[in-house]
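Chemist: can't give you the sequence, but here's the structure:
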């Protein structure tokens, strides 16, 4: 069965600090996808990134970067120079079985990030 | 492109009452999902539709929850009768199909059962 663990329940930083959100996953599939979502106080889930299991290249998008390491089953998310607007709950999610059309997302419990001015 | 539409935005009911939520996915998206998000937790899948057929409803409490997707477009999720532990945000999502591209969530319906 697939499982996602986000060990950090809550992180508090001061604006402009860098912060890394950890995500560890479990799956028996060789083909799977990993996601990060942001959930601001308004409640909607905002898509940040999708990564497939065959692509271990790290990715950078502005102040956001992601480090995918299959050897440790981790998909960590770093925000550089954090801003108050980054305050939200961040979810890591896993999906396996895409080839069979099964595309459910299994979410971690989320990490609440609080960025203070 | 219009997003995933859900209504109502909020709903408060008494336990043992019934409630229904509506979802209209992104046009052309074959796959539709209903997730339940209890406060402090990540969303959990309730049911997945591919067009108007059910792909996975293994985590749907079928004694009280039901869902349908008539004509493969919009969908309704019903709870009857509601329990206190059903208080949660119900999220609808849609995607074009497999592969994860375009997996988009609606804003959700916040249900409070008192």
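Modeler: That came through fine. Note that this is a predicted model, so its numbers are computed, not measured.
Chemist: Now the terminal residues of stretch B:33-49, how far apart.
Modeler: For stretch B:33-49, the first-to-last residue distance is 6 Å (CA to CA, to the nearest Å).
Chemist: Any idea how many residues pack against the spatially closest residue to residue B:38 that is not a sequence neighbour?
Modeler: If the residues on either side of it in the chain are set aside, residue B:38 comes closest to residue B:88, at 4.6 Å by CB to CB, 6 or more residues apart in numbering or on different chains. C-betas here are computed from N, CA, C, even on glycine. Neighbourhood size, residue B:88 [other CB atoms under 10 Å in any protein chain shown]: 20.
Chemist: So residue B:88 versus residue B:65, what's the distance?
Modeler: If you measure residue B:88 against residue B:65 using CB to CB, to the nearest Å, the figure is 12 Å.
Chemist: How about residue A:72?
Modeler: As for residue A:72, its distance to residue B:65 is 38 Å (criterion: CB to CB).
Chemist: Who has more neighbours out of those two?
Modeler: Neighbours per residue (other CB under 10 Å) separate residue A:72 from residue B:65, with residue B:65 holding more: 19 against 10.
Chemist: Find the nearest non-adjacent residue to the more buried one, please.
Modeler: Once flanking residues are discounted, residue B:65 sits nearest to residue B:79: 5.6 Å by CB to CB, 6+ apart.
Chemist: Against residue A:45, how distant is the residue in chain A that chain B sits nearest to?
Modeler: Using CB to the nearest CB, the closest approach of chain A to chain B is made by residue A:107 at 3.0 Å. Distance of residue A:107 to residue A:45, given as CB to CB: 9 Å.
Chemist: intersection of neighbour lists for these two?
Modeler: By the contact definition CB atoms under 8 Å, 6 or more residues apart in numbering or on different chains, residue A:107 and residue A:45 are jointly contacted by A:37, A:91, B:43.
Chemist: who does the first one bridge with?
Modeler: On the basis of DSSP bridges, residue A:37 is bridged to residue A:47, residue A:91.
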